[in-house]
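> here is the input, now give the coordinates:
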Amino acid sequence: MADKLTELMAATVAKLVTAIEEGRATGRWVMPWRIVASGLHHQAENGRPYRGSNQLVLMMTAFLDGCEDPRWATYKTWARLGAQVQKGESGTRLVKWGSFVTCDRHGKSRERCCAQAGVHLYARPFVVFNAAQVEGAPALEEPDRTWSPVEAAEKVIANSGAQVIHAVPDEAFFSPQYPERVNVPPVEAFDSAEDYYGTTFHELVHWSGHKSRLNRDMSTTFGSESYAAEELVAEIGATFVGAHCRLSVGAHMNSAEYLASWLKVLKAEPKRLYQAAKLAQEAADYLSGDSAEG
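All right, here's what the predicted structure looks like:
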C-alpha cells in the first residue's frame, strides 16, 4: 500500500511540475488548478466537499481536462445513483486518510479504550470519476443566483479579524512583527477583483500561521526551502478560500517565482505537496469556518 501511495504522489506532482514548466516556457503563468463556478469539488452522493490534497488533485484534473462539473464519485457510487461510467474512461486517484485504534486487551476499535491503546494512521488510494464521464448522472443543480462571490469574500475577510491595510500601496505582505494586520495594495491597483481577493487571501493564509493562531513555522528567510514551503501553503490555501467563495481568485503576483523554486524539492519529495495541501486546508478552514469532512 505504501508503494501505491508513493506512486500516486509522484504522479500527481509530475502533473503539477509539467504545468509549471510549460507555463514558464511560454512566459505566461497560470495556476495549474481550476475553481469551477459552483465552488469546491464535491461528492456526488451527498454534496460533501473533498478536502486537502484530494481537493487540490481534483482542481488540477479539472484544469488539465477542461472539466466544469464539480461532482465526483466512485464507480460503485455512480451505479448506486443510477449512472454508468462510460467505457474507456480513466478515473482520478485520490487518498482516503484515516486512523484506527488497536489495543492488546480490547482489540480494534474507533475510540481510545485505555492507556494501552495506540492510534494508527492509514492512507488508502481510491478512484473517482467526474459526472461528465458517466451516463445517466442526475442533472447538475442550477447555481444559487443570489450568491455573491464578492460578498462572500468580504465576509471571510471581516470574520477573520485581521486588519487589512493599504499602507504600502505597491506591496502585499504579512509581517509577524505586526501579527494582527496584513498589507495589500488597494483594489484599484489590481486588474480585477479576483486578483485583489486572491492576493488578500494569500496574505491572510500567512496571517493564519502566526503562533497565536495555527502556529506554523514562520521563522523563514527569503529564498530558503522553508520560505518556499510557506508560500506554497499560502497559494493553495488562497485557492481553497476562493473556491469556498466561488471566486476564481487570481494567482499571487509572485506565484511563478515561488512555485518554480519548489520544482526541485517536489521532484525529490512528492509528499511535500500533500503536506502543503493539508496545512492549506487547515488555514482555509480557519479563515472560512468551513470544516466539513470529505
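
> give me the number of residues near the nearest residue to Thr6 once chain neighbours are set aside?
The shortest distance from Thr6 to any residue other than its chain neighbours is 7.5 Å, reached at Pro270 (CB to CB, 6 or more residues apart in numbering). To be clear about C-beta, it is placed using only N, CA and C from the backbone, and glycine gets the same treatment. Here the count is done by other CB atoms under 10 Å, and Pro270 has 21 residues near it.

> list the contacts for Pro270?
Thr6, Met9, Ala10, Thr12, Val13 (CB atoms under 8 Å, 6 or more residues apart in numbering).

> one more time with 6 Å
Going by CB atoms under 6 Å, 6 or more residues apart in numbering, Pro270 touches Met9, Ala10, Val13.

> same deal with Ala131?
So Ala131 contacts Asp69, Arg71, Ala137 (CB under 6 Å, 6+ apart).

> for those, pick the one with the most neighbours.
That'd be Arg71 among the contacts of Ala131, by other CB under 10 Å, with 24 neighbours.

> quick one on the thing from earlier: ok, the contacts of Ala131 vs Ala172, which is closest?
Proximity of the contacts of Ala131 to Ala172 (CB to CB) peaks at Asp69, which lies at 33.3 Å.

> just the strands in the chain please.
42-43, 71-73, 84-85, 92-103, 107-109, 118-130, 134-135, 163-165, 181-183 (DSSP state E).

> need the ones you listed in a markdown table with mean pLDDT, can you?
Formatted as a markdown table, the strands of the chain follow (pLDDT from 0 to 100):
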| stretch | mean pLDDT |
| --- | --- |
| strand 42-43 | 96 |
| strand 71-73 | 98 |
| strand 84-85 | 98 |
| strand 92-103 | 82 |
| strand 107-109 | 60 |
| strand 118-130 | 84 |
| strand 134-135 | 98 |
| strand 163-165 | 97 |
| strand 181-183 | 97 |
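
> neighbours of the nearest residue to Pro186 once chain neighbours are set aside, how many?
Distance criterion CB to CB, 6+ apart; nearest residue to Pro186, sequence neighbours excluded, is His166 at 4.7 Å. Residues near His166, counting by other CB under 10 Å, number 13.

> re the thing from before, now render the contacts of Ala131 as a markdown table, adding distance to Thr220.
Shown next, in a markdown table, are the contacts of Ala131 (distance: CB to CB, whole Å):
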| residue | distance to Thr220 |
| --- | --- |
| Asp69 | 39 |
| Arg71 | 38 |
| Ala137 | 45 |
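
> ok, so of those residues, who is nearest Arg51?
Nearest to Arg51 out of the contacts of Ala131 is Arg71 (CB to CB; 15.7 Å).

> give me whichever of the strands of the chain is most buried.
Comparing those by mean neighbour count (mean count of other CB atoms under 10 Å), strand 71-73 comes out on top with a mean of 25.

> what is that strand packed up against?
strand 118-130 (3 or more CB pairs under 6 Å, 6 or more residues apart in numbering; DSSP states H and E).

> what are the pairing partners of the strand it packs on, and which direction each?
strand 71-73 (antiparallel), strand 92-103 (antiparallel) (DSSP bridges).

> so which of those strands is nearest Lys155?
strand 71-73 (25.5 Å).

> what sits up against the closest one?
Ala44, Glu45, Val128, Asn130, Ala131.
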